[in-house]
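In: Any chance you could fold what I've pasted below:
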Amino acid sequence: MPIPKAELHLHIEGTLEPELAFALAARNGVTLPYADTEALRKAYLFEDLQSFLNLYYELMAVLRTERDFEDLANAYLARAAAQGVRHAEIFFDPQAHIARGVDMGTVVEGLWRALGDSGTNHGISTRLIMCFLRDESADSAMETLEAAKPYLHRITGIGLDSAEVGHPPVKFREVYEAAAALGLRRVAHAGEEGPPAYITEALDVLGVERVDHGLRCVEDAELVARLVRDRIPLTLCPLSNVRLRAVDVLAEHPLPAMLDAGLLCTVNSDDPAYFGGYVGDNFDAVRSALGLSEDRLRELARNSFVASFLEDDEELRARYLAEVEAYEFS
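Out: Reported below is the predicted structural model:
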């Protein structure tokens, strides 16, 4: 069994494997522009972030009903459990579904049909984080937050994702202030494509408690010192970084240097169906490519629970951390 870990950077729509995409398409009478699952899998070999996003949004057409979202979430949870995940904080993109005529309730309640029983069925505790699409308007984000209000008992926090460049965090100041007033936790993608200044802005303007990606912080020594001092977690996604060309090859990933600097790094899978591996696969890949020691792997696993939004259940967090310390590598 792999080392116990939490996954904190996971887009549920990015777990849509070709086989499930075709099964849902058949169920819902949707025609996909691919001959079969093999042809679709080849399409997953995209060239950059935008070509990935184009495919990502295209395939969402198969997600129509609560049952579809339940099946999607259960498929992820089963894979995650097999890779040692004990806690998952799962992103979803409601604007992409609402734009297709699928309402907020269908998405949230469908996901919750799986997440509500995830501890019993998969041995995984879960939290749900609603993301705003940063290439949509700030007004659209605010409308999305308003639409989510009847479902806030299901939603732990908000995030910010999609195309980063040209969409600085400040654009979403008001919606983040409104979310904070509602008691929602706050994270945001920053410093993947965008510059280190976007990370600083996400901290200062949006008040984020965790930075998703944050890879480019290494270009700003003062920012690194701040992240270390304030213990701001970074949810790194190594295989994603390579597939989207933020890093040329995994052997050049700055993760070891970031850990050496004292940064609170975690390893996650991002959009695993598209990026070549789930979180356990990411752990295996960095262990091999970067020569990480067992102590480093244990540190990453420990960090994942420390960085999680489990303040409402410190007993559970303590139990997970104890599992990490007791784990014996084979």
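In: after the strand or helix carrying Leu297 comes which helix or strand?
Out: Assigned by DSSP states H and E, Leu297 belongs to helix 294-306. Using DSSP H and E, the helix or strand that follows helix 294-306 towards the C-terminus is helix 314-326.
In: If we go by neighbour counts, what in that next one is buried?
Out: If you call a residue buried by 16 or more other Cβ atoms under 10 Å, then helix 314-326 has these buried ones: Leu316, Arg317, Tyr320, Leu321, Glu323, Val324. Just so you know, the C-beta spots here come from the backbone N, C-alpha and C atoms, and that holds for glycine as well.
In: do the same with stretch 238-251
Out: Pro238, Leu239, Ser240, Asn241, Val242, Arg243, Leu244, Ala246, Val247, Leu250.
In: ditto for stretch 45-64
Out: Buried, per 16+ other Cβ under 10 Å, within stretch 45-64: Phe46, Leu49, Phe52, Leu53, Tyr56, Tyr57, Leu59, Met60, Ala61, Val62, Leu63, Arg64.
In: Show me the contact partners of it.
Out: 13-14, 16, 21, 24-25, 28, 30, 32-33, 43-44, 68-69, 72, 96-97, 100, 102, 162-163, 193, 243-245, 271, 274 (Cβ atoms under 8 Å, 6 or more residues apart in numbering).
In: Among those, name the ones in helices.
Out: Counting by DSSP state H, the contacts of stretch 45-64 place Ala21, Leu24, Ala25, Asn28, Ala43, Asp68, Phe69, Leu72, Ala96, His97, Arg243, Tyr274 in helices.
In: how near is the first one to Arg173?
Out: Counting by Cβ to Cβ, to the nearest Å, the separation of Ala21 from Arg173 is 36 Å.
In: between these two, which one's more packed in?
Out: Comparing Ala21 with Arg173 by other Cβ atoms under 10 Å, the one with more neighbours is Ala21, at 23 against 14.
In: helices and strands around the host helix or strand of Val107, which ones?
Out: Element membership for Val107 (DSSP H and E) is helix 104-115. Here helix 104-115 touches helix 66-82, strand 85-92, helix 94-98, strand 125-133, helix 138-148, going by 3 or more Cβ pairs under 8 Å, 6 or more residues apart in numbering; DSSP states H and E.
In: just the ones you listed: most buried one?
Out: strand 85-92 (a mean of 25; mean count of other Cβ atoms under 10 Å).
In: tell me the contacts of the closest residue to Arg113 other than its chain neighbours?
Out: What sits nearest to Arg113 in space, not counting adjacent residues and going by Cβ to Cβ, 6 or more residues apart in numbering, is Glu70, at 4.0 Å. Taking Cβ under 8 Å, 6+ apart, we find Glu70 in contact with Gly110, Leu111, Arg113, Ala114.
In: hmm, back to that, what angle do the helix holding Val107 and helix 66-82 make?
Out: On the basis of axes from the mean of the first three to the mean of the last three Cα atoms, to 10 degrees, helix 104-115 is oriented at 40 degrees to helix 66-82.
In: Alpha carbons of stretch 168-182, in PDB - could you do that?
Out: Extracted C-alpha coordinates of stretch 168-182, given in PDB (Å, rounded to 0.1, in the frame of the first residue of the first chain):
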ATOM      1  CA  PRO A 168      -4.500  38.700 -12.400                       C
ATOM      2  CA  PRO A 169      -5.900  37.800  -9.000                       C
ATOM      3  CA  VAL A 170      -7.000  41.400  -8.400                       C
ATOM      4  CA  LYS A 171      -9.700  40.900 -10.900                       C
ATOM      5  CA  PHE A 172     -11.500  38.800  -8.300                       C
ATOM      6  CA  ARG A 173     -11.000  40.900  -5.200                       C
ATOM      7  CA  GLU A 174     -14.700  41.500  -4.600                       C
ATOM      8  CA  VAL A 175     -15.900  37.900  -5.000                       C
ATOM      9  CA  TYR A 176     -13.100  36.700  -2.600                       C
ATOM     10  CA  GLU A 177     -14.100  39.300   0.000                       C
ATOM     11  CA  ALA A 178     -17.700  38.100  -0.300                       C
ATOM     12  CA  ALA A 179     -16.700  34.500   0.000                       C
ATOM     13  CA  ALA A 180     -14.600  35.300   3.100                       C
ATOM     14  CA  ALA A 181     -17.600  37.000   4.600                       C
ATOM     15  CA  LEU A 182     -19.500  33.700   4.100                       C
END
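In: Show me which positions of it end up buried.
Out: Neighbour counts using 16+ other Cβ under 10 Å place Pro168, Pro169, Lys171, Phe172, Val175, Tyr176, Ala179 of stretch 168-182 among the buried residues.
In: Mind checking which of the residues you listed are in helices?
Out: Checked against DSSP H, the buried residues of stretch 168-182 include these in helices: Val175, Tyr176, Ala179.
In: can the residues you listed go into JSON lines with extra columns for pLDDT?
Out: Listed next are those as JSON lines, based on pLDDT from 0 to 100:
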{"residue": "Val175", "pLDDT": "98"}
{"residue": "Tyr176", "pLDDT": "98"}
{"residue": "Ala179", "pLDDT": "98"}
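In: Nearest to Ala148 among these?
Out: Ala179 (9.2 Å; Cβ to Cβ).
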